[in-house]
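In: no sequence on this one, just coordinates:
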């Protein structure tokens, strides 16, 4: 077994798994990684990367609407070719997944192609096309990810019912689409399809879409999405899906009673569930679970010796960048280095139009936990760069504690998903508002709004009138 034994074996090559493999290799481990479908996992193949490629196309389409105002006149109305857009997306995905393969080779990670089954003795069996390979490892990191949740209901297996994994291969733009689920996945996809010209209706069972988002941010985003033609129906419990000629009919119970909604396609985007395929033996051998997820400690250790779990398999934020960090923590511990996972500062990006990003507490949660918390916001309409590029919807909101520490930050507007990093770094480094306000921010940039929001919460903004007398003189 000498040649079939590894220091670390990683099951799953998504953003958690392949990062874990690289980190273990950096620490001197002989590493194997097993992937049953494609390198890069959900994120690179049917999640983060293809969605951002298509969202980029959708954003370009949306920006065409303002060309006339900018003095740019097209000789004829632009047309859209869904097949070419899909081909562009495929090219992006291929480049990214090929890059993961290159990283595995560069770090001397052995890649096994097939479905892995694992047992508590840390023996891994890889099966593909009726053939099997077997090897063992000192430590195993489970990173098998998640799959779309398809709740049992009449008609869910019918034609033209798709999910967030299967909605990426259209050669013709859907004329209309009913999106079941108003969480992050559903709203992002609704924005994408709507900007491409699809008539979109979102059905959400909860009273609000995007439940985790700060209420003030959510209200503004809902107004903008509604203005752009997306129909949002909340409090809608879907009962079943039927065919109605060439259309699909979704039947839902709402506060108005039973209603039906029709569209060419139905997109199921209610949630995702942990993918435990291949872990059946471990579960039989006592692998501890909690509501369908694997229970781990702060070291990402399961209750079985030498076995770790990360990413969508465990309870957490369900974000690729969090899975990657968990992978690094798991590998550090697997190789004898002390590391603990810290979820106190997790930036959350949402790729809507406009973008939303947040870190830390919402205003409601902060005021409940810290009654002395101070809150204010700064509008993009007061930032020269935002005005110059025609992106003035939204604001930056900052919540600070009594010592000037940042408790939370929320951005809705241009490039929010990049800009949130400044606040994340500040919170992680325990910086106060003084250290941000005393840092020179370049002009003209969107990042000026981050400093201005800090000044606003202190009652001394520069580019909007103060609401009250400045808290203290400088």
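Out: Great, that's in hand. As the structure is a computational prediction, the values presented were derived from the model and not from experiment.
In: give me the low-pLDDT residue ranges for the chain?
Out: The chain contains residues with pLDDT under 70 at 1-2, 468-474.
In: so where's the longest helix in it?
Out: Longest helix of the chain, by residue count under DSSP state H: helix 82-106.
In: That one packs against which elements?
Out: helix 17-26, helix 41-46, helix 48-63 (3 or more C-beta pairs under 8 Å, 6 or more residues apart in numbering; DSSP states H and E). For glycine as for every other residue, the C-beta is placed from the backbone atoms N, C-alpha and C.
In: Just name the most buried of those helices.
Out: helix 17-26 (a mean of 27; mean count of other C-beta atoms under 10 Å).
In: how about the closest residue to residue 355 other than its chain neighbours, what does it touch?
Out: Counting by C-beta to C-beta, 6 or more residues apart in numbering, the nearest residue to residue 355 once its immediate chain neighbours are dropped is residue 416, at 4.0 Å. The neighbourhood of residue 416, defined by C-beta atoms under 8 Å, 6 or more residues apart in numbering, consists of 349, 354, 355, 356, 357, 394.
In: let's go with 10 Å and repeat that
Out: By C-beta atoms under 10 Å, 6 or more residues apart in numbering, the contact list for residue 416 reads 217, 349-352, 354-358, 380, 394, 396, 410, 446.
In: Who is the closest residue to residue 301 other than its chain neighbours paired with across the strands?
Out: Setting aside the residues directly before and after it, residue 301 is nearest to residue 308 in space (C-beta to C-beta, 6+ apart), at 5.7 Å. As for beta bridges, residue 308 partners with residue 141, residue 301 under DSSP bridges.
In: Residue 339 is in contact with residue 308, correct?
Out: No: shown here, residue 308 and residue 339 do not form a contact pair, counting by C-beta atoms under 10 Å, at 11.1 Å.
In: so what sits against both of those two?
Out: Taking C-beta under 10 Å, 6+ apart as the criterion, residue 308 and residue 339 both touch 299, 300, 329, 330, 331, 333.
In: top of the residues you listed by neighbour count?
Out: The most crowded member of these, judged by other C-beta atoms under 10 Å, is residue 330 (34 neighbours).
In: Please tell me how far that one sits from residue 4.
Out: As judged by C-beta to C-beta, to the nearest Å, residue 330 and residue 4 stand 22 Å apart.
In: And for residue 163?
Out: Per C-beta to C-beta, residue 163 is found 37 Å from residue 4.
In: Nearest residue to residue 349 in space, please, no chain neighbours.
Out: On the basis of C-beta to C-beta, 6+ apart, the spatially nearest residue to residue 349 that is not a chain neighbour turns out to be residue 417, at 3.6 Å.
In: Would you indicate which residues of the helix or strand where the one you found lies are buried?
Out: Assigning secondary structure by DSSP states H and E places residue 417 in helix 416-428. By neighbour count with 16 or more other C-beta atoms under 10 Å, helix 416-428 contains the buried residues 416, 417, 419, 420, 422, 423, 424, 426, 427.
In: ok, the spatially most central residue of the chain - contacts?
Out: Closest to where the C-alpha atoms of the chain average out (C-alpha atoms, centre = their mean) is residue 319, at 4.9 Å. Taking C-beta under 10 Å, 6+ apart, we find residue 319 in contact with 15, 43, 48, 184, 311, 312, 325, 346, 347, 348, 349.
In: before we move on, back to that, show me the contacts for the residue nearest to residue 301.
Out: With contact taken as C-beta under 10 Å, 6+ apart, residue 308 is in contact with 8, 10, 20, 139-143, 294, 296-297, 299-302, 314, 326-327, 329-331, 333-334.
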